[in-house]
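Participant: One predicted model, sequence on top.
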Amino acid sequence: MAKLYFRHGAMGSSKTANALMVDYNYYERGKKALLLKPRIDNRDGEGVIVSRIGLSKSCRYVEDLVAMTDEEIATYDCIIVDEAQFCKKSDIELFVHIVDDLCIPVICYGLRTDFRREPFEGSIWLLAWADVIEEIKTVCWCGEGASCNTRFDENGQVIRTGAQIVLGANDKYIALCRRHYKEGNLGPDFH
């Protein structure tokens, strides 16, 4: 039976690498997966997903999936969505349709919350409707589990206000445990 999966984790927890590995596993078994990301995620260029460890693959956009017919979608054995926090409620509704009516698993990877610890639209509806919710873990500089996506400026100061979506990676964000997030402590080796 097909399921809707939400695999979430703080930044740097290898969500994208995991998505690319799952895509490869389908390929290796002669199956056809559709790798997607929301169009807003243009950090690594058009139509490509890139992990921090250097894995990459071309992809399509969630917005392309919305325009597909059920017959076109049914040619895939699995749908894999990276950066799913940027999806809209209507996108998540489509994922539910794909799982329930087309019997195709949809595996979504993304952040649960932003730098203010507030949920993203896509994450809210994935948390509400996913059949399976899994945390991909990472650690804070202190060794404790990191669940906070902390935004910082060029001076290493924690930013707590501003636009919810500011694209970036290690140049703008660090994963911290809740205690160090509250303290604004980026760690002794932070440059």
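Facilitator: Thanks, I have it.
Participant: Next, count neighbours for P119.
Facilitator: Counted by other CB atoms under 10 Å, the residues lying close to P119 total 17. C-beta coordinates here come from the backbone N, C-alpha and C atoms, glycine included.
Participant: the strands in the chain, which residues?
Facilitator: Remark: strands assigned in the chain by DSSP state E are 4-8, 33-37, 48-50, 56-58, 60-61, 78-81, 106-110, 132-135, 148-152, 158-159, 173-176.
Participant: what's the most buried one of those strands?
Facilitator: Comparing the strands of the chain by mean neighbour count (mean count of other CB atoms under 10 Å), strand 106-110 comes out on top with a mean of 27.
Participant: Can you list the neighbours in contact with it?
Facilitator: 2-8, 15-16, 18-19, 22, 78-87, 95, 98-99, 120, 122-123, 126, 130, 136 (CB atoms under 8 Å, 6 or more residues apart in numbering).
Participant: send the alpha carbons of that strand over as CSV?
Facilitator: Provided in CSV are the C-alpha atoms of strand 106-110 (Å, rounded to 0.1, in the frame of the first residue of the first chain):
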residue,chain,number,x,y,z
VAL,A,106,5.3,10.1,-2.2
ILE,A,107,8.4,10.7,-0.1
CYS,A,108,8.8,14.3,1.1
TYR,A,109,12.0,15.7,2.6
GLY,A,110,12.1,19.1,4.3
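Participant: which residue is nearest the centroid of this structure?
Facilitator: When CA atoms, centre = their mean is applied to the chain, the residue found nearest the centroid is G110 (2.0 Å).
Participant: mind checking how far that residue is from T69?
Facilitator: To T69, G110 is 26 Å away according to CB to CB, to the nearest Å.
Participant: again, but for L127
Facilitator: According to CB to CB, L127 and T69 sit 29 Å apart.
Participant: repeat for I133
Facilitator: According to CB to CB, I133 and T69 sit 29 Å apart.
Participant: now swap in E135 and tell me
Facilitator: Taking CB to CB as the measure, E135 falls 34 Å from T69.
Participant: Quick check: can you list the domain ranges of the protein?
Facilitator: The chain breaks down into these domains under automatic domain parsing: 4-135, 148-183.
Participant: nearest residue to G122 other than its sequence neighbours?
Facilitator: Once flanking residues are discounted, G122 sits nearest to C87: 3.4 Å by CB to CB, 6 or more residues apart in numbering.
Participant: contacting residues for that neighbour?
Facilitator: Counting by CB under 8 Å, 6+ apart, C87 touches P38, V62, V81, C108, G110, E121, G122, W125, L126.
Participant: Tell me the one of those residues nearest K182?
Facilitator: G110 (23.4 Å; CB to CB).
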